[in-house]
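Enquirer: fold the following for me, if possible:
(one chain, ligands or ions: 2)
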Amino acid sequence: MNREHLRSLFTTKSARVETNRGEAYYARLYEQCKARLEELKKIEPLRKISIKEILEDEGVSRRDFLKWASATTAMLMLPSSFTPLVAEAAELMTRVPVIWIELQDCAGNSEAFIRSDGPKVDDIILEIISLEFQETLMAAAGHQAEAQLEDAMEHFKGKYLLFVEGAIPVGPGREWCTIGASGETFEEHLKRVAKDAAAIVAVGTCATFGGVPAAAPNPTGAVGVMDIVNDKPIINIPACPANPANMVGVILHYVLTGQIPELDSLLRPKFAFGYRIHDNCERRAHFDAGEFVEEWGDEGAKNNFCLYKMGCKGPMTFNNCSIVRYNESVNWPIGSGHGCIGCSEPGFWDKYAYERPMADANIKMAPGGGVEKSVDEFGLGLLTAAGVGIAIHAAASAIAGKKSEGEE
Ligand code: SF4
Ligand code: SF4
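Expert: Numbers count the residues shown, from 1 in each chain. Ligands and ions are numbered 1, 2, ... in the order given. Below is the predicted model of the structure:
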């Protein structure tokens, strides 16, 4: 299934995660997870490290760890009764081998992955996973590194999670990006390493949808992993960079259940991409009240008004940044005053990364109303209509705002 086809299947409805599947479903899943964890306990850890000690060394108390497990359980859309299992799964993450390769990229996702300035539990967990190969982080280089990859692939055949960062050039310039002395192209390299993976995690927007390398005119013909590999489970974690919390969530889900999480039709885990930025944005009340930043640095900006008229693409972007945030949850783009540029959506660089709305924000109100319906029911495939719907709502809200000001 190619990218265009997947995109055509995408609707807001298909992205929605079902948060309550009934008691019988969760009771079955609970037993399945318990059995899975018991199986993992029988396997020797791949790294002889004590997670408990590492957490203590970093100043994370058992109480903090359980708080994290509880928040992660909620993030994975599981009932709170799963919290002890999630904590146990985190302690068993050293049983699942991970191989990480980098292709046409800036290593921004690796950077997000290793962030450790005052690390929170997500970062610590990422540091202790059994990373069997990661060329940016490992000490080995050249032939030694190649041998390490071969060893890991052979030793963990059929068991490793393959993380792929970066796009794959398949255009006439594909030979510009090669790896190793044999001159293997990125496409050949990906296919070879993917062959014996249990599942593939495409991390960052380049590996998922081509990202910045695929921006027009896309000189290298960059595409994402799902355009190349079609015989393995693929989990896409787009964003630029992908949020480490979502990387942990995907690995943890796999450790806990032995399965990949439920995905939307763009192969993104629904627990992370089942909502739009706009659904949980801290500026949403200003959007609804028609209070917008009109120019950078104006009074609206000083009052943290909605950034839609400054080009925020939060209404058409599916991601959990507004809930999880970045940099130890300290802040995120909209919190620091810049609109969302839709970095977790296909083609974001060409379609979204400019500082004006998708449609004319001064468009007149729709006859007969129905504005909220337009705002809430669009999907990626209806983007133009969506832009109009949002713009109608923005204009309607602004009118309503002015009216009430006038009435005061
Ligand atoms: S348009 Fe952007 S800034 Fe405004 S509420 Fe939606 S996501 Fe937040
Ligand atoms: S707020 Fe938007 S642009 Fe920023 S990281 Fe999240 S999805 Fe990407």
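
Enquirer: where does the stretch 1-150 of the chain dip in pLDDT?
Expert: 1-16, 115-120 (pLDDT under 70).

Enquirer: try it again at 90.
Expert: 1-22, 43-61, 64, 68, 71-72, 74-75, 77, 91, 93-96, 108-143 (pLDDT under 90).

Enquirer: can you show me the helices along it?
Expert: 3-9, 12-15, 23-42, 51-57, 62-75, 83-91, 108-114, 121-128, 142-155 (DSSP state H, counting those that start in this stretch).

Enquirer: now the third one and helix 83-91, what's the angle there?
Expert: Here the directions of helix 23-42 and helix 83-91 differ by 30 degrees (axes from the mean of the first three to the mean of the last three C-alpha atoms, to 10 degrees).

Enquirer: spatially central residue in the chain, please.
Expert: Ile237 (3.6 Å; C-alpha atoms, centre = their mean).

Enquirer: for it, give the beta-bridge partners.
Expert: On the basis of DSSP bridges, Ile237 is bridged to Val203.

Enquirer: mind listing what it touches?
Expert: By C-beta atoms under 8 Å, 6 or more residues apart in numbering, the contact set of Ile237 is Val201, Ala202, Val203, Gly204, Thr208, Asn243, Asn246, Met247, Val250, Arg268, Pro269, Ala272. Any C-beta I mention is one placed from the backbone N, CA and C, and that applies to glycine too.

Enquirer: that older thread, and the helices of the stretch 1-150 of the chain: which comes nearest His189?
Expert: Nearest to His189, of all the helices of the stretch 1-150 of the chain, is helix 142-155, at 9.5 Å by C-beta to C-beta.

Enquirer: quick check: next helix or strand after that closest one?
Expert: Heading C-terminal from helix 142-155, the first helix or strand you meet, by DSSP states H and E, is strand 161-165.

Enquirer: so which bits of the stretch 101-250 of the chain are right by ligand 2?
Expert: Counting by C-beta under 6 Å from any ligand atom, the stretch 101-250 of the chain comes close to ligand 2 at Ala239.

Enquirer: how about the residues of the stretch 251-400 of the chain by ligand 1?
Expert: 277-278, 281, 283-284, 287, 306-308, 312, 314-315, 334, 339-340.

Enquirer: now with 5 Å?
Expert: Ile277, His278, Cys281, Arg283, Arg284, Phe287, Cys306, Leu307, Tyr308, Cys312, Gly314 (C-beta under 5 Å from any ligand atom).

Enquirer: so the last one is in contact with Gly339, correct?
Expert: If I follow you right, that is Gly314. Yes - the pair Gly314 and Gly339 qualifies as a contact (C-beta atoms under 8 Å) at a distance of 6.9 Å.

Enquirer: and the residue of the stretch 201-350 of the chain found nearest ligand 1, what does it touch?
Expert: Taking C-beta to the nearest ligand atom, ligand 1 has its nearest neighbour within the stretch 201-350 of the chain at Gly314, 2.3 Å off. Gly314 makes contact with Arg276, Ile277, His278, Cys281, Leu307, Tyr308, Ser322, Ile334, Gly339, Cys340 under the criterion C-beta under 8 Å, 6+ apart.

Enquirer: change it to 7 Å
Expert: Applying C-beta atoms under 7 Å, 6 or more residues apart in numbering to Gly314 gives the contacts Arg276, Ile277, His278, Cys281, Ile334, Gly339, Cys340.

Enquirer: again, but for Gly224
Expert: Gly224 neighbours (C-beta under 7 Å, 6+ apart): Arg3, Ala167, Ala202, Ala207, Thr208, Phe209, Gly210.

Enquirer: top of those residues by neighbour count?
Expert: Ala207 (33 neighbours; other C-beta atoms under 10 Å).

Enquirer: tell me the pLDDT of that one.
Expert: pLDDT recorded at Ala207 is 98.

Enquirer: which SS state does it fall under?
Expert: With DSSP: H, G, I helix; E, B strand; the rest coil as the basis, Ala207 sits in helix.

Enquirer: which residue packs closest to it, ignoring adjacent ones?
Expert: Val164 (4.7 Å; C-beta to C-beta, 6 or more residues apart in numbering).

Enquirer: so what sits opposite the one you found in the bridge?
Expert: With DSSP bridges as the rule, Val164 is bridged to Ile101, Ala202.

Enquirer: for the stretch 201-350 of the chain, which segments count as strands?
Expert: 222-223, 234-237 (DSSP state E, counting those that start in this stretch).

Enquirer: let me have those in JSON lines, extended by distance to ligand 1 and mean pLDDT.
Expert: Formatted as JSON lines, the strands of the stretch 201-350 of the chain follow (distance: least, C-beta to the nearest ligand atom, whole Å; pLDDT from 0 to 100):
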{"stretch": "strand 222-223", "distance to ligand 1": "28", "mean pLDDT": "96"}
{"stretch": "strand 234-237", "distance to ligand 1": "20", "mean pLDDT": "97"}
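
Enquirer: need those in a markdown table with distance to Gln104, can you?
Expert: Written out in a markdown table, the entries for the strands of the stretch 201-350 of the chain read as follows (distance: least, C-beta to C-beta, whole Å):
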| stretch | distance to Gln104 |
| --- | --- |
| strand 222-223 | 6 |
| strand 234-237 | 16 |
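
Enquirer: sketch out the low-pLDDT regions of the stretch 201-350 of the chain for me.
Expert: 244-245, 248, 265, 275-276, 279, 286-292, 308-309, 315-316, 323-331.

Enquirer: do that again at 50, thanks
Expert: Filtered on pLDDT under 50, the stretch 201-350 of the chain yields no residues whatsoever.

Enquirer: how about the helices in it?
Expert: Remark: helices assigned in the stretch 201-350 of the chain by DSSP H, counting those that start in this stretch are 205-209, 244-257, 270-273, 284-288, 299-302, 321-324, 348-351.
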